[in-house]
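Q: fold the following.
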Amino acid sequence: METEIDRKMIKFNEKLAGNKHLRKTLDIKRAERATTDVLYSTIEVDTLETKTKIDLETKEVASLRQAVQEQIAAIEALKKDAAACENACDAKAAEILRELKNQAAESMTNSMDDASMISPKKYLSPGADTTLIEEKLNKSKITRSRWKIIQEKVTSEISVRKYNENREFIERIHQVSGTKTVMELIEAFNTQEVEHFAKIQYVNQLAEDIETHRTQCSKLREEIGKMKLRNDAVDVQKMQRTKTLKSRKEKSQEQEAHLVEKINEIQQTIAVLKPALMALHVRIGCKENQDEKSLRGILGEVEHKMAEIIHAMHAKSLRKLAVPELSLPPSLMNSTSSIPTISSDPSILGKSEQPYRYMGVRPPTLTLSEMHRKENAEEEYPLTYDELKAKVWRSGKDSTSNASSSFDSTK
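A: All right, here's what the predicted structure looks like:
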């Protein structure tokens, strides 16, 4: 006994030592898990901080990009204004030169006209009065000179006004570009030609990107229109299906109501006929415990009893016919003996020779599987192209699987 107790104590101590070791390992694992939880929490905090910093930096970058784009747009607007001013200055300078050339040509023609004017002495006779002719010539010269003075005033005013406008444009260009003379402006433009060219290329690239985005938008709009048309077609199909289902539901409800009316009429007729059937049941000689039986049992008993009565009457008629057969010749006896005798067993007659049992009832022409197929075919609704394609594919796969199974069975 002591040795067994010692052995048990040794085993118990070994188990305690094993449990202590397991507890130590569990404590170590728990400490490791706590340290990992702390590390993961610190990592999550660091990641959240970095995410917030990244979001802030992205927002700042977006704002800087927007500011740069605004500055680029302002520079491009200034360039456009400078180009427009330069074009206007060039056009106005060309117009001033053209007008100066025209004025010089007119002055030359007027001087030539004055020099080549016809003298009155050429057309006067020696004895004519020359005073009137000279007065007329002087008046015409005065009027011509007045018109020329007026024209020169108008042209000078126009030229002065254009000169002032051009001067204002040039001053604006100098203010924008920070130059004082035209040569400095030309030199600044030549020095900034590379930057202008790069910016022009950037503008052209942006225009190309805009065109590509426009084409993409147009394609997406076309696809959206196609999808809308498809959705409209699907909605129309759904409406048609709902209409057909509603019509079928109405027809089924009408048929149900009609069948309920017929069932009620049949129940009424059965209720009217039941007392007569019960009286007939008693009159024929069946048992009187009718309350315990149903109408079907009563009809079965009546039918069975009527069959027995008919068989009995038939047997009586055969017995009556058997008496005169004794006086018949042997040829007639052979002919009568060739007639098959009907068995008097009512059960056999009830099974084989009862043409009156189910009168006017048509036998079933379809099996249950064929009836289910017909119902499924009638309940099918008009399919879309994708559904029809999937159905054909499924039926093809079923047919191939059936063919393969039949081939395997033949093997």
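
Q: use CA for all of it now, contacts and neighbours both
A: Will do.

Q: could you list every helix and strand in contact with the host helix or strand of T42?
A: Here T42 sits within helix 2-115, counting by DSSP states H and E. Helices and strands touching helix 2-115, by 3 or more C-alpha pairs under 8 Å, 6 or more residues apart in numbering; DSSP states H and E, are helix 131-177.

Q: just the angle between the helix or strand just after the helix it packs on and helix 131-177, please?
A: Downstream of helix 131-177, the first helix or strand assigned by DSSP H and E is helix 182-191. If you take axes from the mean of the first three to the mean of the last three C-alpha atoms, to 10 degrees, helix 182-191 sits at 50 degrees to helix 131-177.

Q: how far out from the middle of the chain is helix 182-191?
A: Centroid separation between helix 182-191 and its chain, computed with C-alpha atoms, centre = their mean, to the nearest Å, is 60 Å.

Q: any buried residues in it, and which?
A: For helix 182-191, the neighbour count (16 or more other C-alpha atoms under 10 Å) marks L185 as buried.

Q: check which element follows it along the chain.
A: helix 193-284.

Q: what's the neighbour count on R373?
A: Neighbourhood size, R373 [other C-alpha atoms under 10 Å]: 12.

Q: hmm, back to that, now the angle between helix 193-284 and the helix holding T42, please.
A: 130 degrees.

Q: state the mean pLDDT of helix 2-115.
A: Here helix 2-115 scores 79 as its mean pLDDT.

Q: likewise for stretch 148-163?
A: pLDDT averaged over stretch 148-163 gives 83.

Q: which residues are in contact with that stretch?
A: 92, 96 (C-alpha atoms under 8 Å, 6 or more residues apart in numbering).

Q: which parts of it are buried?
A: Result for stretch 148-163 [16+ other C-alpha under 10 Å]: buried residues 159, 162-163.

Q: I'd like the residues you listed as JSON lines, with distance to I284 appended.
A: Below are the buried residues of stretch 148-163 laid out as JSON lines (distance: C-alpha to C-alpha, whole Å):
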{"residue": "S159", "distance to I284": "143"}
{"residue": "K162", "distance to I284": "138"}
{"residue": "Y163", "distance to I284": "141"}
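
Q: now, which of those sits nearest M306?
A: K162 (135.2 Å; C-alpha to C-alpha).

Q: that closest one and Q175, how far apart?
A: Per C-alpha to C-alpha, to the nearest Å, K162 is found 20 Å from Q175.

Q: next: Y202.
A: Distance from Y202 to Q175, by C-alpha to C-alpha: 26 Å.

Q: go on, V234?
A: 67 Å.

Q: next: D6.
A: In terms of C-alpha to C-alpha, D6 sits 112 Å off from Q175.

Q: who are the contact partners of I28?
A: Here I28 is in contact with no residue (C-alpha under 8 Å, 6+ apart).

Q: and S369, what element?
A: Per DSSP H and E: helix 368-379 holds S369.

Q: for the record, mean pLDDT for that helix?
A: Averaging pLDDT along helix 368-379 gives 67.

Q: what's the answer for stretch 187-204, then?
A: The model assigns stretch 187-204 a mean pLDDT of 79.

Q: ok, now stretch 242-259?
A: Stretch 242-259 comes out at a mean pLDDT of 91.

Q: what does stretch 174-184 give?
A: 77.

Q: quick one: contacts of it?
A: Contacts of stretch 174-184 (C-alpha under 8 Å, 6+ apart): L185.

Q: and that stretch, what's buried?
A: So for stretch 174-184, counting by 16+ other C-alpha under 10 Å, buried means 174, 179.

Q: and the end-to-end length of that stretch?
A: 9 Å.

Q: let's number from 826 now, not from 1
A: OK, 826 is where the count begins now, so the last one is stretch 999-1009.

Q: distance between that stretch and the chain's centre?
A: On C-alpha atoms, centre = their mean, the centre of stretch 999-1009 falls 61 Å from the chain's centre.

Q: do stretch 897-904 as well
A: Worked out by C-alpha atoms, centre = their mean, stretch 897-904 lies 44 Å from the chain centre.
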